[in-house]
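Student: model this:
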Amino acid sequence: MKIGTRDRDIIRMLIRYPLTAEQLLRASLSFERPYTNATQLKADLLDLFRRGILNREPIPSTTRGQKQYYYFLKRKARLILPEVAEIAPRSAVFRGFTESPWHTLATSDFMSHFERSAGELKDRVRVVVPIRPRYFRAKVQVDGPNGLEIVAIEPDYTQVVRFDGEANLFFVEIVNHTAIINPLASQSVTRSFRFKMSKYKALQKVFRGHHIIRSIERSYQCRFKGFRVLVVTTKGEENKHNLLACAKGQGFRKMFYFATMKEVAEGNLFADPVWSLPSGSKRGLLD
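Tutor: Numbering: from 1, shown residues only. Sure thing, here's the model as predicted:
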């Protein structure tokens, strides 16, 4: 089957994330030949869709107008790139908007800026391993409302990125609603952001023993010094400041990095001081 370099890059990007045409346009900055206009990209996406290589689903909307589509891979893509079968297990393939569509879209929006930022710094930054939702899952022991309990932690994304050759591990959490931050009622504890932070603190002690982390370290001959959690809120500055205050109150200084989606869209996530830390500083991920 005839397929070009850009088509292969599109397929490789959609292995990582389901994306809209707009999101894919900005993420294409990491391609060998980035797209410079949306018209050509949309034509290529439509061609891949008609050939049965891509699937798409209209984005739920309450307004009239031209439909926007979410693009993702079909099984036929495996015939073109064997790595599709290797990298995208069935459990990680997008199966439609079965959960909150707005959280799903916000996650893809952030990841497109993550790829765009890496593409702007190709000489220094390379996204190596993006692990999709529900594929990385770890169990940790935390102090809950009923004492010590075993709970699961499932990041929205897990990213391995090389900075100047050194491997870095990031977990991504998208806050797309006004979360319970500091719960007042005991029954709200497990749904709170404070509880989520305690899970990551527990993971810090055991993450190196996780089978996926061990596999990555073996495959890429690296050893992670630790990890960082990137928390992105779509709810603006006030929500970000409340999340920061909670992290600071719990004694965190450098594990959690916070940003609004507006800040993410306006800067380079690696080079610019997009991220706010509970310690009070602002920095880029390369700092």
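
Student: so, low pLDDT: which residues of the stretch 1-150 of the chain?
Tutor: 1-2, 62-65, 85-99 (pLDDT under 70).

Student: strands along that one, start to end?
Tutor: Listed in chain order, the strands of the stretch 1-150 of the chain (DSSP state E, counting those that start in this stretch) span 19-20, 54-58, 69-73, 125-131, 138-144, 147-153.

Student: not counting sequence-adjacent ones, nearest residue to Ile223?
Tutor: For residue 223 the amino acid is Arg, not Ile. Nearest residue to Arg223, sequence neighbours excluded (CB to CB, 6 or more residues apart in numbering): Glu217, at 5.8 Å. Heads up, the C-betas are built off the backbone N, CA and C, glycines and all.

Student: so the helix or strand harbouring the one you found versus strand 138-144, what angle?
Tutor: Using DSSP states H and E, Glu217 falls within helix 211-219. Interaxial angle, helix 211-219 versus strand 138-144 (axes from the mean of the first three to the mean of the last three CA atoms, to 10 degrees): 130 degrees.

Student: next secondary structure after helix 211-219?
Tutor: strand 228-233.

Student: surely Ser53 touches Ile11?
Tutor: Rather than Ser, residue 53 is Ile. Yes: between Ile53 and Ile11 a contact is recorded at 7.1 Å, counting by CB atoms under 8 Å.

Student: for this protein, longest strand please?
Tutor: Using DSSP state E, we find that the single longest strand of the chain is strand 166-175.

Student: list the helices and strands the helix or strand following that strand packs on?
Tutor: Following strand 166-175 in sequence order, the next helix or strand is helix 193-206 (DSSP H and E). In terms of contacts (3 or more CB pairs under 8 Å, 6 or more residues apart in numbering; DSSP states H and E), helix 193-206 is packed against strand 138-144, strand 147-153, strand 166-175, helix 237-249.

Student: any idea how far the first one is from the chain center?
Tutor: How far strand 138-144 lies from its chain's middle: 22 Å, per CA atoms, centre = their mean, to the nearest Å.
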